[in-house]
Structures are given as structure tokens and as C-alpha cells.
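1. Build the 3D model from these lines:
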Amino acid sequence: LSTTFTMKRFSSVATALHLFVAIFLLDNVAHSFSSPGRSLKHSSSSPLSTNCNGAPCGGRSHATERSASGRPVDIKPLKEEDGPQNNTPVQHSQPPIPRRTVLFTSAAAALAFFQLTQSSAAAAPLEELSLGTATWSDAADASQPPSSIPLSARIVPPSFSTYLARFLLHYDDGASAWWNDQSASFSLLASYEAKQREGKSFGSYASSIQKGMYSYISGDDESNIRSYVKVRSQYSSLLTSLTGKYGSERGAIRDIALLFAMLPPVYQPTDLLLKIDEGAITATGSNKGTNAENFPVNFQEDFTLLLPNKYQVLYNESTKSFTITPNINLFEIGINEETSSPAISTTFGPLSSQPLSRQRSFSLDIYALLGISGGAGCALTHTFVIPLDVVKTRIQTNPGQYKGIFDGAATIAREEGMNALLLGTQATIAGYSWYGISVYPSYAFFKRFIGEQLLSPAFAVAHTNDVALMAGALASVIASLGLTPLEACRIRAVAQPEIYRELGLVGTMKVIGSEDAELGWKNVYAGLPSLMTRQVIFGSVKFLAFERASEAIFGVWPELRQTTFTALGVSLVAGGISGVLSSVVSQPADSVLTYVSKQSGGGSLGIVDGAKMMVEEEGVSSLFRGLGSRSIWAGCIIAGQFLLYDVFRAFFGISGDDLNQVLEVVLPKNM
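-> You can find the predicted model right below:
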């Protein structure tokens with residue numbers, strides 16, 4: 001056990017190192033776009049040479065005018081009375097990335113990728129259950145017992161199902177290996193939370209067993225349920241199968257007899273039980289439950305425990321059936337699960353109404369549909385709030401010009417026309433279509449692979465929030481690579497419409513790419529470090545906050561899961577909460593992004609240097625300028641994103657049960 005724990009700790013440390021190196025590689029790639037180690041020279045003869053010198057003007061936050069002598073300048077549209085501008089070339093002293101660094105980071109990234117793609121070694125799964133055929137079926141297609149028979153149907157008593165589930169955990173290799181893996185995955189949780197998770201897993205596992213038993217005992221189309229003889233015949237076959245598969249284990253015959261003594265007398269296969277050798281039926285087992293004479297104090301928490309030694313079966317001549325002696329209270333109490341579904345608490349543990357489930361493997365088709373859903377949701381929501389986005393950007397780039405959002409919108413519409421509230425539409429739709437197409441499937445991919453393959457199960461379960469943050473951050477890195485040039489075009493169109501309005505998206509991008517002959521197309525990535533920093537912070541918090549907000553809402557009102565309409569309402573509210581929290585956390589990076597974008601030669605100014613310069617010249621409060629309007633904007637945007645994302649997922653059939661699998665246990669008809 002000590003060696004296993006040490007190896008898991010070593011694996012976690014190695015994983016962290018791999019991620020660190022991969023992020024370091026991405027950082028170098030970003031700097032290769034924005035800091036080529038050459039001077040940026042701008043032709044003073046160009047009519048656009050004074051417009052930010054290759055850096056995206058305007059932006060998501062504010063920077064005021066600077067002195068033109070030796071410091072980066074805030075570029076605004078030229079007026080004739082402004083006179084000549086200072087176009088002194090800005091020199092970059094950063095040296096090129098050494099080849100050794102490139103080789104090191106490339107090799108380490110390859111190692112991290114190799115680690116990602118390796119499947120973790122799995123112990124014997126539940127599919128190896130000896131009792132019958134256990135398969136994972138799509139939840140939407142899984143066969144369910146008819147609703148006319150309640151969960152507590154006497155044909156398969158809940159106590160029988162939960163004790164059979166315990167029996168299999170002890171005697172069946174597949175079930176035992178699965179349970180050991182489950183327990184190990186909860187080992188780093190607090191004791192109370194670990195026991196709670198184990199209880200939920202056992203209840204769902206017992207439900208799969210119970211549903212399999214019901215299907216077998218009731219027969220095709222429930223043809224057996226009205227005949228005691230047929231039901232007893234099915235239980236006789238089950239008894240024969242259990243003794244044949246597990247009877248050679250010490251104490252197993254006694255536990256099987258105790259199991260069938262829990263059935264109503266009319267269902268007991270009495271004839272077969274009477275034929276079992278008395279010595280075998282009374283022989284006690286070697287497991288930790290039967291070694292004790294009384295119930296251990298942790299019997300309700302340790303689901304591998306079976307009935308203690310003193311409990312035996314006794315044949316009652318008057319009733320022609322078997323009973324357990326000494327008498328045991330087989331209580332069965334109806335309870336509600338967190339999902340508001342009915343469940344039953346029994347002497348041997350909980351019996352859920354929902355079978356054991358897991359999320360299915362994602363194919364490329366599923367990732368593609370997630371991308372389409374995300375792209376459609378993001379494009380539509382950002383299109384709806386373009387006027388708000390225009391006002392927000394103007395407030396950040398021109399502080400003090402407007403009294404607030406409504407005054408800004410009214411002033412822009414009055415002075416520039418209503419069309420001015422739609423500035424940057426092309427770049428917005430293109431940019432956030434890409435954002436949705438890339439970030440949502442990337443988040444799903446990274447969350448699964450980090451949690452299931454990159455980290456040990458115990459570490460992943462204990463650090464679910466960290467896994468979500470890491471997945472959101474990596475997904476945002478990918479999204480930033482396509483969003484940066486489009487965001488640069490949008491900022492320029494909003495900040496300087498008199499220059500870029502007529503050029504359109506393609507024309508604006510061509511201008512940015514031609515402003516520096518040496519950089520060329522790389523010039524559109526001048527703001528990559530700052531934008532990526534903002535997106536990584538915003539994106540990681542967005543997904544985590546949405547998931548936790550949804551869980552909290554469903555925890556208080558579980559009935560909201562029951563209908564599509566109410567579930568979508570939860571997505572809307574949780575998305576709004578997520579947007580506001582993400583906006584608050586990422587506001588400083590958003591402010592620095594605009595500041596860096598507005599500077600002459602902004603491609604050489606990193607996020608840290610930009611933040612220091614802002615604080616020195618404008619104070620700490622400058623990092624939070626425009627927070628109110630941005631929070632409203634983000635709350636509306638993210639609420640709409642998640643709402644439409646879930647709508648499109650439901651339309652494409654990739655939400656809820658569509659992505660889940662349930663464990664089905666099928667017993668052969670002729671055992």
C-alpha cells in the first residue's frame with residue numbers, strides 16, 4: 001500500500017512537471033509571434049502609420065494618453081491641428097529563442113503528450129461479472145423494467161438485492177476488483193465525503209443488480225409475475241447458478257442460504273435448499289464480516305461485510321420455508337436521493353432507483369457536435385450584445401467621455417448614427433464562432449484526459465476543481481490562437497471607425513499584417529500574450545463556476561432536473577453567475593490587454609510589464625476600470641452561451657442521458 005501511494009504521488013508530480021513544461025512551450029510560441037527580436041519600423045509616409053504602429057488599437061480596457069517622448073503613446077484619430085506625430089522606431093532587445101530551449105521544450109511537450117495518450121492500467125472491470133453478462137449500454141437506449149412495477153416490488157425484495165450486491169463484492173473477482181478501484185479513487189477525500197461517495201456508488205451498483213434480477217425473475221414481458229410457481233422456478237435456477245459459480249469458496253454456501261432465506265416463503269426454492277449438505281450450509285466463511293459474532297460498528301459503511309457467524313438459516317416446518325436465526329430486522333425505508341428520485345435504505349445498504357452509470361467515450365463526431373453547438377451559441381449571444389460591447393469598449397478606451405452605459409449608447413447613436421452601435425460585427429461573429437467551436441470541445445477533451453489518464457483516479461477525484469481549472473485554461477489557450485487576430489480587428493473597428501469601418505474584416509487584417517514588413521502576418525498576434533492571459537483566467541473560472549453553480553442550484557431544488565425547460569433555466573442562471581465571477585477575476589488582465597494594444601509597438605510589451613506601467617502611471621484602480629459594464633456584459637453573454645449551448649446539444653442528441661451509459665446485468669435464461 002505504501003509503495004502504491006508513493007508511486008501515485010510520483011506520478012502526480014511528474015504530471016505537474018509535464019504540464020508546466022507544456023505551458024512553457026506555449027509561452028515561447030506566444031513570444032515567437034509577438035517578440036521576434038527585431039526592431040519594429042513603421043513608415044511615416046503611410047496614412048495609417050500613426051495608428052498604433054502595428055498593435056491593435058482600442059480594446060477591452062482603458063489606457064489614457066501618454067507623453068510622446070520616449071514612452072509608448074496612445075494613438076487617436078489624427079486631426080489637422082494635432083501636427084506631426086512621434087514615429088521613432090521602437091527597438092526590441094529580446095534575443096531569439098536558443099535552439100537548445102526549442103529542443104528542450106519540444107521534447108518535453110512530446111513527453112507530456114505521450115503521457116496524455118496512454119491509457120491507465122485498469123483492473124478487472126464489472127464486465128467480468130461471473131453471475132451474468134454485464135454490459136455498459138447507452139442510457140437513452142437501455143432497457144428499463146416496466147413502470148407498472150415499483151422499485152420495492154416484492155418479486156425481488158430490496159434486502160435480497162443489496163445483500164446479493166455485497167455477496168458479489170466479496171466472492172466475484174470482477175465486482176471485487178471494481179469496488180477496490182472505487183474505494184481507491186476516494187482515498188484522498190475526507191472520510192465523511194469518501195463514505196458518502198461509496199454509498200452512492202453501492203446504491204447504483206445494487207440497482208443494476210436489482211434490475212437484472214427483476215428482468216430475469218419476471219421473464220419475458222413479465223409473464224412470470226402472476227405465477228408463484230414460475231417465480232420460484234426462476235429462483236431455483238438462480239440458486240443453482242450461484243452455488244455452481246461461487247459454492248467452492250469457504251462460507252459461500254452459508255451466505256447463499258442466508259440470501260434466499262430473505263425471500264418471501266412463496267418464492268423460496270425450498271426443495272433445493274433442503275438438498276444442500278448441512279455441514280456446508282452451516283460452515284462459516286473467512287471474510288472479515290463473518291468472523292465477527294455481532295454486527296461490526298461500520299457494517300453500514302463497509303459494503304464488503306457479510307452477516308456475522310452467529311446468523312444461520314433454520315427450516316420452519318409449519319411455514320415450509322427457511323428463516324434467519326437469530327431474527328434480524330430487514331428494514332426497508334423509502335428515501336429520496338439528491339436527484340429527488342425515490343430510493344430505499346435497507347439493512348445492507350442503499351438501493352438507488354438509478355443504475356450504475358458512467359460517461360461514454362467521446363468520438364470525433366461528438367466533439368464536432370460539441371463544437372458546432374458551442375460555435376452557434378457563442379456567435380448568437382455575441383451578436384445580440386454587440387451594441388453593449390461597443391459601448392463597453394468606448395468607455396474603456398475613452399474614460400470620462402460617457403457617464404455610463406446608457407449615456408454612452410445614446411451619445412454614440414446621436415453623434416455617429418445607429419450603425420455605430422454595430423461596429424466590428426464581422427470580427428465579432430467570426431471571432432466568437434471560432435471561440436465556441438474550439439473552447440467547448442477542447443474543455444471536454446482536456447477534462448476527460450487530465451482526469452482519467454493524466455492523473456491517478458484518487459488525485460483526480462480529490463482535485464476535481466483543479467482539473468476543471470486546468471482544462472478550462474488549456475481550452476482557452478487553443479481558442480486564443482484563433483481569436484487574437486479577429487479581436488485585434490474588432491478593437492480597431494470600434495476604436496477608430498473613421499479609418500477601419502470601410503475596410504471590413506479582411507481589409508483591416510491586411511492592413512495590420514502589412515504595417516511591418518519584417519513581421520508580416522505575425523503582426524496580427526501582437527496582443528496574443530495579453531489576450532491569452534485574459535482568456536485563460538476568464539475561461540478556466542467560467543467553466544468551474546458554471547458547474548459548481550449548477551450543482552448548488554440542483555442541490556437545493558433537485559426537481560428542476562425533471563423537465564427540459566427548468567433544466568435550461570438553471571443553465572441560464574448558472575451561466576449568468578459564471579459570467580459575473582469570471583469577469584471580476586479576469587478584469588485586471590482585460591484592462592492590461594487594452595493598455596498593451598494601444599501602445600506604439602505593443603507587441604513587445606508583455607502582460608507583466610504592461611500591468612506595472614499601468615499601476616505606475618494611473619494607480620491600481622486602473623486595473624478595474626469598466627468593471628461594472630464588463631460584468632453586465634459578461635453575465636449576459638455567458639448566460640446566453642450556456643443556454644444556447646445546451647439547447648443545441650439537446651437538438652443534436654448529445655446532452656444528459658445521450659452521453660451516459662448504464663450498467664446492465666443480463667442473466668442467461670437457462671442457467
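
2. remind me which residues of the stretch 451-600 of the chain are low pLDDT?
-> Where the stretch 451-600 of the chain drops to pLDDT under 70, the residues are 593-594, 596-600.

3. just the helices in it please.
-> In the stretch 451-600 of the chain, the helices defined using DSSP state H, counting those that start in this stretch lie at 457-462, 464-495, 497-500, 504-514, 528-556, 564-598.

4. Turn the ones you listed into a markdown table, including distance to Tyr163 and mean neighbour count.
-> For every residue, glycine as well, the C-beta is placed using N, CA and C. Output for the helices of the stretch 451-600 of the chain, formatted as a markdown table (distance: least, Cβ to Cβ, whole Å; neighbours: other Cβ atoms under 10 Å):
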| stretch | distance to Tyr163 | mean neighbour count |
| --- | --- | --- |
| helix 457-462 | 28 | 20 |
| helix 464-495 | 32 | 24 |
| helix 497-500 | 74 | 18 |
| helix 504-514 | 68 | 18 |
| helix 528-556 | 31 | 22 |
| helix 564-598 | 36 | 23 |
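
5. right, and these - which one's nearest Asn309?
-> helix 457-462 (33.7 Å; Cβ to Cβ).

6. which secondary structure elements does that closest one contact?
-> helix 2-34, helix 173-185 (3 or more Cβ pairs under 8 Å, 6 or more residues apart in numbering; DSSP states H and E).

7. Quick check: buried residues in the helix or strand following the last one?
-> Read that as helix 173-185. Downstream of helix 173-185, the next assigned helix or strand under DSSP states H and E is helix 191-218. Neighbour-count burial for helix 191-218 flags 194-195, 197-218 (criterion: 16 or more other Cβ atoms under 10 Å).

8. Over to stretch 268-278?
-> Buried, per 16+ other Cβ under 10 Å, within stretch 268-278: 268-270, 272-273, 276.

9. Can you list which of those residues are found in helices?
-> Mapping the buried residues of stretch 268-278 onto helices (DSSP state H) picks out 270, 272-273.

10. what's the closest of the helices of the stretch 451-600 of the chain to Leu242?
-> Per Cβ to Cβ, nearest to Leu242 of these: helix 457-462, 30.8 Å.

11. Just the CA atoms of the closest one, as PDB, please.
-> The C-alpha coordinates for helix 457-462 follow below in PDB (Å, rounded to 0.1, in the frame of the first residue of the first chain):
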ATOM      1  CA  PRO A 457      -8.000   8.400 -10.200                       C
ATOM      2  CA  ALA A 458      -7.700   9.300  -6.500                       C
ATOM      3  CA  PHE A 459      -5.900  12.600  -7.200                       C
ATOM      4  CA  ALA A 460      -8.400  13.500 -10.000                       C
ATOM      5  CA  VAL A 461     -11.400  12.800  -7.700                       C
ATOM      6  CA  ALA A 462      -9.900  14.800  -4.800                       C
END
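
12. Low-confidence bits of this structure, can you list those?
-> Checking the chain against pLDDT under 70 turns up 1-124, 142-154, 286-293, 337-341, 396, 593-594, 596-607, 671.

13. Need phi/psi at Ser345.
-> phi -100, psi 120 (degrees, to the nearest 10).

14. can you check Gly334 too?
-> According to degrees, to the nearest 10, Gly334 has phi -70, psi 130.

15. what do you get for Pro308?
-> phi -60, psi 170.

16. My guess is it contacts Pro326. True?
-> No - shown here, Pro308 and Pro326 do not form a contact pair, counting by Cβ atoms under 8 Å, at 10.4 Å.

17. of the two, who's got more company?
-> For Pro308 versus Pro326, neighbours defined as other Cβ atoms under 10 Å are more numerous around Pro308 (16 against 8).

18. And that one, how far from Phe295?
-> The gap separating Pro308 from Phe295 is 6 Å, by Cβ to Cβ, to the nearest Å.

19. how many neighbours does Val391 have?
-> 26.

20. Please identify which helix or strand holds it.
-> With DSSP H and E as the criterion, the answer for Val391 is helix 386-397.

21. Chain neighbours aside, what residue packs nearest to Ala413?
-> Distances taken as Cβ to Cβ, 6 or more residues apart in numbering place Leu421 nearest to Ala413, at 6.1 Å, with adjacent residues excluded.

22. and if you look at Phe303?
-> Phe202 (4.7 Å).

23. Look up how far Tyr163 lies from that neighbour.
-> On the measure of Cβ to Cβ, Phe202 and Tyr163 end up 12 Å apart.

24. wouldn't Asp590 be in contact with Thr533 here?
-> No - at 9.4 Å, Asp590 does not count as touching Thr533 under the criterion of Cβ under 8 Å.
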